[in-house]
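[1] sequence first, then the predicted structure:
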Amino acid sequence: MPPSLCGTGRPIGRLSTGGQPISERPPEAPAAKAARIPQFWEGTPRPIGRASASKGAFMVRRYTFGNPIETEAVLDKPAAASSEPSSFTVDEAQKRLVFKMKKNDAVIGLGGTVGGIDKRGGRYVSWCSDDPDHVEDKASLYAAQNFFILDRAGDRRGYFIDAAGRVTFDVGFTEPSELVISFDYFDADVYEIEGETKLEIVRAFRKMIGRSYIPPKWAFGLGQSRWGYSKESEFAEIADRYEAAGIPLDMIYLDIDYMERFKDFTVNGESFPDLARFAADMKARGIRLVPIIDAGVKIEDGYDVYEEGKEGGYFCKDEDGGDFTAAVWPGAVHFPDFLDKDAREWFGSKYKVLLDMGIEGFWNDMNEPALFYSPKHLGEVFEKLKEYEGKNLGIYEYFSFMDLMRSVSNYQGDYESFYHKIGGEMVRHDRVHNLYGYNMTRAAGEGIRKERPDSRYLLFSRASYVGMHRYGGIWSGDNKSWWSHILLNLRQLPAYNMCGFLYSGADTGGFGCNCSRELLLRWLGVSLFTPLFRNHAALGTRKQEFDAFGDPAPFAKLVKLRYSLIPYLYSEFMKAALNDGMYFLPLSFVYENDARAAKTEDQLLVGESIMIAPVYTPNALGRFVYLPEDMLLLRFRSFDDYDEVPLAAGDHFVEASPEEVLVFLRKGHVLPLAAPATNTGLLDYGTITYITNGADPASYELYDDDGTTPAAQ
């Protein structure tokens, strides 16, 4: 890479093509474009602005109910409104807010939930939940991201429901003309944002909650993972296989088997006799190791993390004031009290153990928190089971028996039986449940930044709440190798972005169940464009690596296409992060007055130039696509093997084999492509060429920096 292009931390120039493809890199941007990037992790509050008659104005109001627990999700809080809300009614007796909806209103957002982009007609419960079965009747998944836009012609408003406990959103499910938000505890700040466009409302909200986390550039490469890789030799074999197959690779993930008996911040010495040396060897090949960290700390005398947590009083407490005990991977564990500042600082400091071994990225898991069981409730279940012994179980007795068995894991009563220290007071967990995973990742982010202030780090989490987006990204959790989960993945992405979670993605091919070759190929129609790009599968499932389905050449070509796209993907990600924008957009966010676009939920805009429309049904010849404007279809088989097909606005059936990925280039826009490389560190921006679509003149602002420093100049 030419020296002038490294570490600039700014746009490197706007390309003007006059409508013709350009094979050379545009010149350096003029000095006026050379703006220093502020520290991306502080989320410095910025003025929100007040309403005026001019275009682009917006109004933010805050309504406070009860005694909200401070979540620190919003950094720039407006004063609480003194008047009653006019856009919804408050029912204090039933602890709920009621919004009237008109026939054509849409409700967009609510983060990582099931359902469509428009949530109307569904019921969603904001309660971070460890549930691997992401089916349509699941009201809760891993995230609690309570921001939505009530999209009404002439009166668009965004709402953030800042409440740490359980919140239920009945979006026309019970009464079709009502959006009802109900609370277990009616302690909430409700933020209302008026704006002319949906993007304007999102930007206003994002300014309130602070800048999104920005990972290192190498985190945009491919990560290969599987629960079950347990030995150094297995990880080296994966790297060798991918190299032999010509599949680029930047990361290999270490799931729970790398640890010594599932203990956080330990390494199994038999499997990894010298992890620091192995990490250095892999990095020399352009590959980082990314270990998992779980929320529960194993109860074991002599284990330093347990001993320190016990001595420092850093664990959550039970009703009697002792350390709360439950079980996850290692059996009996205590849970660090991440809502206590001292406990966060302590736990965050433990990441140094692995940082000192050369580790530069982590994924936090099981932090809803997941509870396999508590000894107390397990004892209750065993006692109750005696009542069924030797009996003839009819249908209702059998259902009761099965409900009892299912109650062992993630039992609601357990979540109501332990406590956090907040501001010197003990607060029951269910009142602040949705803050737990957020603050685990906050602890990690703050600890890593303190230890490595001059480097970006990779960090993402399963559980989340608004505010965590300042410290790390998210993945969509334990999805399945189901065709429907390609579509679920696609629909969740813009809702994540609305809440500031730009670095996001799903486990490509699905984590649970057995993936087919066709399904894995089709999933790339989404995953090639997600910032977090990981192939991950569960223990006991079919092998799912990209070379595990016969001839790996089609997979290698498409993964190489991903690497060719990184200059574009990274540019669009950075623009969204630095300007409080969105990387993934529903069509209705750009084509505001197009009724068809508003109802098209299986296509997304990725940045300013392109639209994707993945195939998500088996044995398909292609799919129907709606174009809100004239576009240029790019049917990619590899970065240098693709068809260009001009298409007019309207409906089209577009053919696509499983070995092809569809990309639609918007009129007047530009798509840069670099020659692929075996890892992100070897990408050469000097090889970039540009595909244009009838632009006169076309322009594109390409962003580049050194990819590692927090605040490149």
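    Yes, it's here.
[2] surely Tyr685 touches Pro567?
    Yes: using C-beta atoms under 8 Å, Tyr685 is in contact with Pro567, at 6.3 Å. Quick note: C-beta positions are derived from backbone N, CA and C, even for glycine.
[3] tell me which of the two has more neighbours.
    Remark: of Tyr685 and Pro567, Pro567 carries more neighbours, 22 against 18, as counted by other C-beta atoms under 10 Å.
[4] you'd agree the more buried one is in a strand?
    No: looking at Pro567 with DSSP: H, G, I helix; E, B strand; the rest coil, it is helix, so not inside a strand.
[5] what about it, distance to Asp704?
    7 Å (C-beta to C-beta, to the nearest Å).
[6] now do Gly116
    Gly116 sits 36 Å away from Asp704, going by C-beta to C-beta.
[7] can you give me the strands in the stretch 501-650 of the chain?
    504-505, 507-508, 533-535, 584-586, 604-606, 610-612, 622-627, 631-638, 641-647, 650-655 (DSSP state E, counting those that start in this stretch).
[8] buried deepest among those, which one?
    With neighbours taken as mean count of other C-beta atoms under 10 Å, these reach their highest mean count in strand 507-508, at a mean of 28.
[9] what helices or strands is that strand leaning on?
    Counting contacts by 3 or more C-beta pairs under 8 Å, 6 or more residues apart in numbering; DSSP states H and E, strand 507-508 is packed against helix 517-527, strand 533-535.
[10] ok so, going back, now for Tyr685 and Pro567: what residues contact both?
    Taking C-beta atoms under 8 Å, 6 or more residues apart in numbering as the criterion, Tyr685 and Pro567 both touch Ala674, Asp704.
[11] now do the helices in the stretch 401-550 of the chain.
    With DSSP state H, counting those that start in this stretch, the ranges of helices along the stretch 401-550 of the chain come out as 412-415, 436-451, 484-498, 517-527.
[12] ok, how many other residues are close to the nearest residue to Gly66 once chain neighbours are set aside?
    In space, and not counting its chain neighbours, Gly66 is closest to Asp187: 3.7 Å by C-beta to C-beta, 6 or more residues apart in numbering. Using other C-beta under 10 Å, Asp187 has 18 neighbouring residues.
[13] what's the spacing between Asp187 and Phe205?
    Distance, Asp187 to Phe205, by C-beta to C-beta: 21 Å.
[14] quick one: the closest residue to Pro273 other than its chain neighbours and Cys128, what's the gap?
    Nearest non-adjacent residue to Pro273, counting by C-beta to C-beta, 6+ apart: Glu232, 7.4 Å away. Using C-beta to C-beta, Glu232 is found at 34 Å from Cys128.
[15] those two: which is more packed in?
    Shown here are Glu232 and Cys128; by other C-beta under 10 Å, Cys128 has more neighbours (27 against 20).
[16] hmm, that one is touching Tyr142, no?
    Yes: counting by C-beta under 8 Å, Cys128 does reach Tyr142; the two are 5.8 Å apart.
[17] what touches both of the two?
    Residues touching both Cys128 and Tyr142 (C-beta under 8 Å, 6+ apart): Glu368, Gly437, Ala463, Ser464.
[18] how about the secondary structure of the spatially closest residue to Asp356 that is not a sequence neighbour?
    Of all residues not flanking Asp356 in the chain, Ala276 sits nearest, at 7.5 Å (C-beta to C-beta, 6+ apart). What three-state DSSP gives for Ala276 is helix.
[19] including mean neighbour count and mean pLDDT, could the helices of the stretch 401-550 of the chain go into JSON lines?
    What follows is the helices of the stretch 401-550 of the chain, written out as JSON lines (neighbours: other C-beta atoms under 10 Å; pLDDT from 0 to 100):
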{"stretch": "helix 412-415", "mean neighbour count": "17", "mean pLDDT": "98"}
{"stretch": "helix 436-451", "mean neighbour count": "25", "mean pLDDT": "98"}
{"stretch": "helix 484-498", "mean neighbour count": "24", "mean pLDDT": "98"}
{"stretch": "helix 517-527", "mean neighbour count": "23", "mean pLDDT": "98"}
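[20] out of these, which is closest to Gly109?
    helix 484-498 (5.2 Å; C-beta to C-beta).
[21] helices or strands up against that closest one?
    Short answer (3+ C-beta pairs under 8 Å, 6+ apart): helix 484-498 packs on strand 106-109, helix 198-209, strand 504-505, helix 517-527, strand 584-586, strand 604-606.
[22] can I get the helices and strands packed on strand 507-508 in a markdown table with distance to Asp340?
    Shown next, in a markdown table, are the helices and strands packed on strand 507-508 (distance: least, C-beta to C-beta, whole Å):
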| stretch | distance to Asp340 |
| --- | --- |
| helix 517-527 | 38 |
| strand 533-535 | 32 |
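[23] nearest to Val90, of those?
    The nearest among the helices and strands packed on strand 507-508, by C-beta to C-beta, is helix 517-527 at 40.2 Å.
[24] what angle do helix 484-498 and the closest one make with each other?
    10 degrees (axes from the mean of the first three to the mean of the last three C-alpha atoms, to 10 degrees).
[25] may I see the helices and strands packed on helix 484-498 organised as TSV, with distance to Leu75 added?
    Below are the helices and strands packed on helix 484-498 laid out as TSV (distance: least, C-beta to C-beta, whole Å):
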stretch	distance to Leu75
strand 106-109	20
helix 198-209	6
strand 504-505	21
helix 517-527	32
strand 584-586	24
strand 604-606	28
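[26] wait, which of the shared contacts of Cys128 and Tyr142 is closest to Ile247?
    Using C-beta to C-beta, the shared contacts of Cys128 and Tyr142 come closest to Ile247 at Ser464, 30.2 Å.
[27] close enough to count as contact, the closest one and Trp475?
    No: Ser464 is not in contact with Trp475 according to C-beta under 8 Å; the separation is 10.0 Å.
[28] among the two, which residue is more densely surrounded?
    Shown here are Ser464 and Trp475; by other C-beta under 10 Å, Ser464 has more neighbours (34 against 25).
[29] show me what that one is bridged to.
    Ala143 (DSSP bridges).
[30] any common contacting residues for Pro567 and Asp704?
    Tyr685.
[31] what is the burial count for Tyr63?
    If we define neighbours as other C-beta under 10 Å, then Tyr63 has 18 of them.
[32] change the start of the numbering to 10 and stick with it
    Let's use 10 as the start, then, which means that last one is Tyr72.
[33] element containing it?
    Using DSSP states H and E, the element containing Tyr72 is strand 68-74.
[34] for that strand, name the packing helices and strands.
    strand 197-203.
[35] tell me what angle the strand it packs on forms with strand 68-74.
    160 degrees.
[36] mind listing residues that contact strand 197-203?
    With C-beta under 8 Å, 6+ apart, strand 197-203 has contacts from 60, 67-75, 77, 83, 86-87, 89, 94, 96, 106, 164-172, 176, 210, 213-214, 217.
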